[in-house]
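Participant: Just the structure for this:
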Amino acid sequence: MLLVVDVGNTQTHFGLFRGADLLEHWRFATVRVSTADELGAALRNLLDLRGYGFADVDSSIVSSTVPQLEPEWTAMAARYLGHEMLAVGPGLRTGLAIRYDNPREVGADRLVNAVALRERFGGPAICVDFGTATTFDVLSEQGDYVGGSLMTGIEISLDALSERGARLPKIELAPPRAVLAKNTIDAIRSGVVFGYAGAVDAILRRLYEEIGGRAPVVATGGLASLVVPFTEELEEVDDLLTLTGLRLLHERNQGDR
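Facilitator: Numbers count the residues shown, from 1 in each chain. Prediction:
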C-alpha cells in the first residue's frame, strides 16, 4: 500500500491507498519539533487503530510546507518502513507546465493540488485551499499552472484580532448564527466568517476576469467546510484533493527512488 503524507503548518493529513482506492485517512496536529521516532510512533498507533501496520506500507510520498519536518518524515520511512520516501520538490515529474516567474517558489502543497486539479478537470480550473494560509491556484485552459493568490488563513485572522484587541476574547471558530449579532462572541464569529467568505468570493471573481471567464472551483483544506457554506462562488468541497494529488505524483515518479 501507498502512504501519502501532507504536512501543513497546522495539521498533518495522511492516508493509505491501494491502487487508486483510498482505504483510510487521518489528521493530527503538526508539531514542528517532532523527531523521526515520534512520527513513527504516531503513525504506528494510528495504523493500528484501523488494523494496519508498518509491514502493510510498501511505498510512500510526503509533501511538507514545514521545511524541518520533511527530513524527519523521510528518516522515519527509512527507519520504520524500510524504504525511501519520495518528497515533493524540484525535479519531480508533475505532468504540469508551470508558468510562474520562479517555479521553485511554488509551495509543495500548491503543486500537489494543481496536479489533482488537472487530472480531474484538465483546465481551466481553480483550487482554494483553506489552511494556515488560504491559497488560490489556477490552471489555464491548456491545463498549465499559471499562479494564483494567497491570503492570511481564517485562524490567523482570528488570533490576530484577539491578540491585538485587549478586550476581545479568544473564541473557537464556529458557524455564525447571523450577521446581526447580539453578543461579543457571536459578533466576532459573524465578522470573521462572513468577512472571510466575502473576501474569498471577491478574489475568485477577480480571477475569473483575469482568466477570461468562470471556471470549475474546488475547495479543500481543514477549514473549508466552515467557510464554504457562507460563500457565493464556492459549492464543492473535496477534503481528499491533496491526498489524491500525492498519489498521482507518486505514480508519475515510480522508479526514481
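
Participant: Tell me where the stretch 101-250 of the chain has strands.
Facilitator: With DSSP state E, counting those that start in this stretch, the ranges of strands along the stretch 101-250 of the chain come out as 125-130, 133-139, 145-152, 217-220, 236-237.

Participant: I126 bridge partners, please.
Facilitator: Assessed by DSSP bridges, I126 has beta-bridge partners V138, V217.

Participant: Now the helix or strand hosting L43: average pLDDT?
Facilitator: Using DSSP states H and E, L43 falls within helix 36-49. Mean per-residue pLDDT for helix 36-49: 96.

Participant: tell me the most buried of the strands of the stretch 101-250 of the chain?
Facilitator: Among those, strand 125-130 has the highest mean neighbour count (mean count of other Cβ atoms under 10 Å), at a mean of 26. No exception for glycine: its C-beta is placed from N, CA and C like everyone else's.

Participant: helices or strands up against that one?
Facilitator: helix 108-121, strand 133-139, helix 184-211, strand 217-220, helix 224-227, helix 241-252 (3 or more Cβ pairs under 8 Å, 6 or more residues apart in numbering; DSSP states H and E).

Participant: and of the ones you listed, who's closest to E24?
Facilitator: Closest to E24 of the helices and strands packed on strand 125-130 is helix 241-252 (Cβ to Cβ; 10.7 Å).

Participant: gap between the closest one and the chain center?
Facilitator: Put simply, helix 241-252 sits 12 Å off its chain's centre (Cα atoms, centre = their mean, to the nearest Å).

Participant: Okay, now the unreliable bits of the stretch 51-200 of the chain?
Facilitator: Across the stretch 51-200 of the chain, the ranges flagged by pLDDT under 70 are 166.

Participant: would a markdown table of the helices and strands packed on strand 125-130 with distance to G15 be doable?
Facilitator: Converted to a markdown table, the helices and strands packed on strand 125-130 look like this (distance: least, Cβ to Cβ, whole Å):
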| stretch | distance to G15 |
| --- | --- |
| helix 108-121 | 13 |
| strand 133-139 | 20 |
| helix 184-211 | 26 |
| strand 217-220 | 13 |
| helix 224-227 | 17 |
| helix 241-252 | 5 |
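
Participant: So which of the ones you listed is nearest R164?
Facilitator: Closest among the helices and strands packed on strand 125-130, once you apply Cβ to Cβ, is helix 184-211, at 12.7 Å.

Participant: From the centroid of the protein, which residue is nearest?
Facilitator: Centroid-nearest residue in the chain, with Cα atoms, centre = their mean: G221, separated by 4.7 Å.

Participant: where's it relative to R18, distance?
Facilitator: Distance, G221 to R18, by Cβ to Cβ, to the nearest Å: 25 Å.

Participant: ok, now M151?
Facilitator: Using Cβ to Cβ, one gets 37 Å for the distance from M151 to R18.

Participant: before we move on, back to that, can you tell me which of the helices and strands packed on strand 125-130 comes nearest to V31?
Facilitator: Nearest to V31, of all the helices and strands packed on strand 125-130, is helix 108-121, at 17.9 Å by Cβ to Cβ.

Participant: For the nearest residue to L241 once chain neighbours are set aside, give me its contacts.
Facilitator: Nearest residue to L241, sequence neighbours excluded (Cβ to Cβ, 6 or more residues apart in numbering): T220, at 4.1 Å. By Cβ atoms under 8 Å, 6 or more residues apart in numbering, the contact list for T220 reads 113, 127-130, 237-242.

Participant: cool, and G51?
Facilitator: Neighbour list for G51: empty [criterion: Cβ under 8 Å, 6+ apart].

Participant: Okay, it and L16: tell me how far apart.
Facilitator: 11 Å.

Participant: Give me the pLDDT value at R257.
Facilitator: pLDDT, R257: 50.
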